[in-house]
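Q: Okay, sequence plus prediction incoming.
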Number of protein chains: 2
Amino acid sequence: MLIDGLQCGYFNRDVFTMLKEGGFTCVTSTLGFWEGSQASLDAIGRWRRMARANADLMLIARTAADIEHAHETGRVAFLLGFQNSTLFDGRIDYVELFADLGVRVVQLTYNNQNDAGGSCYEASDSGLARFGRELIREMNNVGILVDLSHVGDRTTLDAIEFSEKPVAISHANAASLFPHKRNKSDRVLKALAEHGGVIGCATYRNITPENACQSVRGWCEMVARTVEIAGIDHVAIGTDEGHSNTQADLDWMRSGHWTRGVDYGAGSAARPGKVPKPEWLQRTSDLAKVRQGLLDVGFSESERDKILFGNWLRVYREVFR
Amino acid sequence: MLIDGLQCGYFNRDVFTMLKEGGFTCVTSTLGFWEGSQASLDAIGRWRRMARANADLMLIARTAADIEHAHETGRVAFLLGFQNSTLFDGRIDYVELFADLGVRVVQLTYNNQNDAGGSCYEASDSGLARFGRELIREMNNVGILVDLSHVGDRTTLDAIEFSEKPVAISHANAASLFPHKRNKSDRVLKALAEHGGVIGCATYRNITPENACQSVRGWCEMVARTVEIAGIDHVAIGTDEGHSNTQADLDWMRSGHWTRGVDYGAGSAARPGKVPKPEWLQRTSDLAKVRQGLLDVGFSESERDKILFGNWLRVYREVFR
């Protein structure tokens, strides 16, 4: 089994085939970044169409049992995820409605502060806001995993503390290994672990140490250092791999409809565009290399399996209804 | 058992109590007239809140088995209904999404022509339109009952013919008994019956013969005449009772956001406002009088039970997934 806590971009039959052949059991896909309820319903509709048309290759999972069923039938399970809570249009009632429609992972904030809390890119992080508390309580109740990847550190700590269910940092790295606003402090990672959560280690070049991009061994060593911080039960994979994203897609992710200016997201004026994929991960299916790679850096098979799928599965079992 | 194919207005604990005491087993409630997807999600959210707060009195039913369960536990089952297909925002994908959220009855058009077909108030009825065909096919597939009450005669006939599942005229009367644009020709009623559908006879004064408003016997005689037209397996009850509607609500139902002028709906310039309830039906719970009333006009007990609940239950079993 192999579970990836976050991928984005364009999914289609070729991607499903590639992921299946790459041995992926489950992938959380991103259905939205800035969108409100209507566009989010549209995205769910598109995924259902894809699921009907590609039922031999994949399915949309609602439970950990669905993921196991996908594995047993040789298909890839997808968890429907959103990288922002804007899909709820500020309405607490919508959390249950979207859960009913299959949404399983929602990030509280994306690159900007919103009614739920602060983002990692804001100069000042408000901490978890009033609506953010309501959201987490409701997400706990209806079985949606709280994702804190792009969320600011203070809001992240508040959310970890406030949530009665384990939460996730689905796609980020340790800031002590690669300093970046998107990466998480040791304090955050330890709090996450104390509350049963999981971080998915990323392969996205803008937030990943260069030696971890150069070789699978380098990336697996980064994972080993992350395990030293958060513990073997709390580290998993969340690549942040994007499928066929264009500059226009990157512009939408970063500038959305919120600025007339240019925003570089995890990039910078010096690194404004798409960054190259890691040398060892030219195709997403190359992620299978970490099966051996994690053993090579000293993990036992049972430890490796926690990283590959076991930790995610445990959290999914605890969170999904 | 007693099933009412349509009620509208404001539902609250007092109404639920009154309906329970009046012996209602199941009521289709109207959640929208002109609203798009977002306002329709809001309405579903409100109904779920009500269902949580009043679980001792009522539940939201998704299947005929849920209705029977409500009956066994002494509660009123509600089917979530919409009097227009505008909730789908023109998107075929939304039909399944709203079905997943519990929507079980949707009228193709309300008082105005839309992308699905023609309304009873249009000068010229287009017949079932391109999107209307798609809608019916999808509603058949996902288990939403097609309602044709306010739909124009030509579109109604097309829809009856096109649908592979039985359809409903949830709240109307026979035009041959009371000529009114909202009422249905004998031709329509016979076609409805031939395809296994059901008409719910109304008590709404604007579309009901005066003698049927004067006494329960008069109303039951109207039902008997409707049975002569459509047959005993195809006539049921759909009162069109409104709870606490104000003039402002009536204005919304009629003028919506589509006209700067005044529209009288089923009323007229001579009869512009709320009409009095039938003399024998001052409270909705008085509908229980028809249990005896239908026997008094000559129906056998088994015939009466088809009208009271059996015909609706049969259609619900055939249509709901």
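A: Perfect, I can see it now.

Q: Check the offset of the lowest-mean-pLDDT helix or strand in chain A from the chain's centre.
A: In chain A, no helix or strand scores lower on mean pLDDT, DSSP states H and E than helix A:247-255, which sits at a mean of 94. Chain-centre distance of helix A:247-255: 18 Å, with C-alpha atoms, centre = their mean, to the nearest Å.

Q: for stretch A:39-54, same thing?
A: Relative to the chain's own centre, stretch A:39-54 is displaced by 19 Å; criterion: C-alpha atoms, centre = their mean.

Q: buried residues in it?
A: A:Ser40, A:Leu41, A:Asp42, A:Ala43, A:Ile44, A:Gly45, A:Trp47, A:Arg48, A:Met50, A:Ala51, A:Asn54 (16 or more other C-beta atoms under 10 Å in any protein chain shown). No exception for glycine: its C-beta is placed from N, CA and C like everyone else's.

Q: angle of the helix or strand harbouring the first one against helix B:37-53?
A: With secondary structure defined by DSSP states H and E, A:Ser40 is part of helix A:37-53. Orientation check (axes from the mean of the first three to the mean of the last three C-alpha atoms, to 10 degrees): helix A:37-53 against helix B:37-53 gives 90 degrees.

Q: Is chain B within reach of helix A:37-53?
A: Yes. For helix A:37-53 and chain B, the contact criterion (C-beta under 8 Å from any C-beta of the partner chain) is met by A:Ser37, A:Gln38, A:Leu41, A:Asp42, A:Ile44, A:Gly45, A:Arg46, A:Arg48, A:Arg49.

Q: so after that helix, what's the next helix or strand?
A: Next in sequence after helix A:37-53, counting helices and strands by DSSP H and E, comes strand A:58-60.

Q: circling back to that earlier point, would you reformat the residues of helix A:37-53 next to chain B as CSV and include distance to B:Gly5 and pLDDT?
A: Converted to CSV, those look like this (distance: C-beta to C-beta, whole Å; pLDDT from 0 to 100):
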residue, distance to B:Gly5, pLDDT
A:Ser37, 30, 97
A:Gln38, 30, 97
A:Leu41, 28, 98
A:Asp42, 32, 97
A:Ile44, 31, 98
A:Gly45, 29, 97
A:Arg46, 35, 97
A:Arg48, 30, 98
A:Arg49, 33, 97
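
Q: which one of the residues you listed sits closest to A:Leu189?
A: Taking C-beta to C-beta as the measure, A:Leu189 lies nearest A:Ile44 of these, at 31.9 Å.

Q: Just list the residues touching that closest one, thanks.
A: A:Leu31, A:Leu80, A:Leu101, A:Gly102, A:Val103, B:Asp93, B:Leu97 (C-beta atoms under 8 Å, 6 or more residues apart in numbering or on different chains).

Q: Determine which two of these are furthest apart.
A: Spanning the widest gap among the contacts of A:Ile44 are A:Val103 and B:Asp93, at 14.9 Å by C-beta to C-beta.

Q: More neighbours: which of the two?
A: A:Val103 (28 against 19; other C-beta atoms under 10 Å in any protein chain shown).

Q: quick one: pLDDT of A:Arg260?
A: As predicted, A:Arg260 sits at a pLDDT of 87.

Q: Is it in a helix, a strand, or coil?
A: Three-state assignment for A:Arg260 (DSSP: H, G, I helix; E, B strand; the rest coil): coil.

Q: just the strands in the stretch 151-300 of chain A please.
A: A:168-172, A:198-201, A:235-237, A:241-243 (DSSP state E, counting those that start in this stretch).

Q: A:Val27: which of these is closest?
A: Smallest distance to A:Val27 across those (C-beta to C-beta): 8.9 Å, for strand A:241-243.

Q: What is that closest one packed up against?
A: strand A:3-9 (3 or more C-beta pairs under 8 Å, 6 or more residues apart in numbering or on different chains; DSSP states H and E).

Q: can you pull the buried residues of the strand it packs on?
A: Going by neighbour count (16+ other C-beta under 10 Å), the buried part of strand A:3-9 is A:Ile3, A:Asp4, A:Gly5, A:Leu6, A:Gln7, A:Cys8, A:Gly9.

Q: same question, stretch A:181-195
A: For stretch A:181-195, the neighbour count (16+ other C-beta under 10 Å) marks A:Lys181, A:Arg182, A:Asn183, A:Lys184, A:Ser185, A:Val188, A:Leu189, A:Ala191, A:Leu192, A:Ala193, A:His195 as buried.

Q: Tell me the residues on chain A that lie near chain B, please.
A: Chain A comes close to chain B at residues A:37-38, A:41-42, A:44-46, A:48-49, A:89, A:91, A:93-94, A:96-97, A:100-101, as judged by C-beta under 8 Å from any C-beta.

Q: Point out the ones among the buried residues of stretch A:181-195 that are inside helices.
A: A:Val188, A:Leu189, A:Ala191, A:Leu192, A:Ala193 (DSSP state H).

Q: can you pull out the helices in the stretch 51-200 of chain A?
A: Under the criterion DSSP state H, counting those that start in this stretch, the stretch 51-200 of chain A contains helices at A:64-72, A:93-100, A:130-142, A:153-162, A:186-194.

Q: can you pull the pLDDT of the residue of the stretch 51-200 of chain A found nearest chain B?
A: Per C-beta to the nearest C-beta, A:Asp93 is where the stretch 51-200 of chain A lies closest to chain B, at 2.8 Å. Per-residue pLDDT puts A:Asp93 at 96.

Q: Would you confirm that A:Asp100 contacts B:Leu101?
A: Yes. With contacts counted by C-beta atoms under 8 Å, A:Asp100 reaches B:Leu101, the gap being 5.8 Å.

Q: More neighbours: which of these two?
A: Using other C-beta under 10 Å as the criterion, A:Asp100 and B:Leu101 rank with B:Leu101 on top: 22 against 16.

Q: For A:Ala270, give me phi and psi.
A: Dihedral pair for A:Ala270: phi -80, psi -20, per degrees, to the nearest 10.

Q: what does A:Arg317 give?
A: Per-residue torsions, A:Arg317: phi -60, psi -40 (degrees, to the nearest 10).

Q: State the distance from it to A:Leu31.
A: A:Arg317 sits 23 Å away from A:Leu31, taking C-beta to C-beta, to the nearest Å as the criterion.

Q: Neighbour count for these two, which is higher?
A: Between A:Arg317 and A:Leu31, counted using other C-beta under 10 Å, A:Leu31 has the larger neighbour count: 25 against 12.

Q: so what's the more buried one closest to, chain neighbours aside?
A: Here the nearest residue to A:Leu31 in space, its sequence neighbours aside, is A:Ala43; by C-beta to C-beta, 6 or more residues apart in numbering or on different chains that works out to 4.0 Å.

Q: Kindly report the same for A:Ala175.
A: Per C-beta to C-beta, 6+ apart, closest to A:Ala175 is A:Asn183, 3.9 Å.

Q: my guess is the one you found meets A:Leu189, correct?
A: No. If you go by C-beta under 8 Å, A:Asn183 and A:Leu189 don't touch, sitting 9.7 Å apart.
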